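**Q** Below is the sequence, then the predicted model.
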Amino acid sequence: QPQNLAESKYISSMEKPSAAAEMQMKDMWQRQARAELQRRLSAAEMLKDEGNDAMRRGDFDLALALYSQALDPSVNDKTDQPEEAMKRTTNKDIDGVLYCNRSRARMQLDEPDPEGAMTDADAACKLCPDWPKPRARLAEANFALGFYRGAMLACRDGERCEARVNDRSKSFVPLMDRIA
């Protein structure tokens, strides 16, 4: 209990900051959050680039490890579980690229992992609905598992996605020819 009016005002000011102080604190927290997000994205981008270099060299095990590390929560406040991908606080585009690339790496291993590749490709499709490439990864994984109908459906979805966004960077015709 305050003993006098001055003490009462002091206690009151300690309990509730002024509107200007609240705005300053909110602005400071937003700047800190943006800086932390940028740090996390930078770490993920760097690991993605290293993974891409490993893929070019044919070191698919290393590429898989680097993409997985970029998706690791201790690096980016992310989870390695594709079903949790939509709950992340980081950039969905980089996550989609990482899942798509990791899907490809899984298929290139000495002992391919088509189940893992399909899970990763599906996560990439959900994160980047306007990007055709994850649909090609999904089709390849389905094909490797003998799910020919699923592979063709993924190709058709990829073609629709290409038309919708006018992106012809990934042709589905050769992949559909292999499946048929």
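**A** That came through fine.

**Q** Tell me who's in contact with residue 149.
**A** With contact set as C-beta atoms under 8 Å, 6 or more residues apart in numbering, residue 149 has no partners. For every residue, glycine as well, the C-beta is placed using N, CA and C.

**Q** separation between it and residue 173?
**A** With the distance defined as C-beta to C-beta, to the nearest Å, residue 149 ends up 18 Å from residue 173.

**Q** likewise residue 106?
**A** Noted for residue 106: a distance of 24 Å to residue 173, by C-beta to C-beta.

**Q** Of the two, which one has the most company?
**A** Comparing residue 106 with residue 173 by other C-beta atoms under 10 Å, the one with more neighbours is residue 106, at 26 against 9.

**Q** How about residues contacting the helix or strand the more buried one falls within?
**A** Secondary-structure element containing residue 106, defined by DSSP states H and E: helix 92-108. Contact partners of helix 92-108, identified using C-beta under 8 Å, 6+ apart, comprise 41, 44-45, 48, 51-52, 55, 60, 63-64, 67-68, 70-71, 78, 82, 85-86, 88, 112-114, 116-118, 120-121, 123-124, 127-128, 131, 133-134, 137-138, 140-141, 144.

**Q** Can you tell me the SS state at residue 111?
**A** The three-state assignment at residue 111 reads coil, by DSSP: H, G, I helix; E, B strand; the rest coil.

**Q** Just give the number of residues close to it.
**A** Summarising burial for residue 111: neighbours were counted as other C-beta under 10 Å, giving 5.

**Q** ok, and for the helix holding residue 106, which residues are buried?
**A** By neighbour count with 16 or more other C-beta atoms under 10 Å, helix 92-108 contains the buried residues 94-108.

**Q** same thing with stretch 156-173?
**A** With the criterion 16+ other C-beta under 10 Å, stretch 156-173 contains buried residues 157-159, 161-162, 170, 172.

**Q** which of the contacts of helix 92-108 are buried?
**A** The neighbour count (16+ other C-beta under 10 Å) marks 44, 48, 51-52, 55, 60, 63-64, 67-68, 70-71, 78, 82, 85, 88, 112-114, 116-118, 120-121, 123-124, 127-128, 131, 133-134, 137-138, 140-141, 144 as buried among the contacts of helix 92-108.
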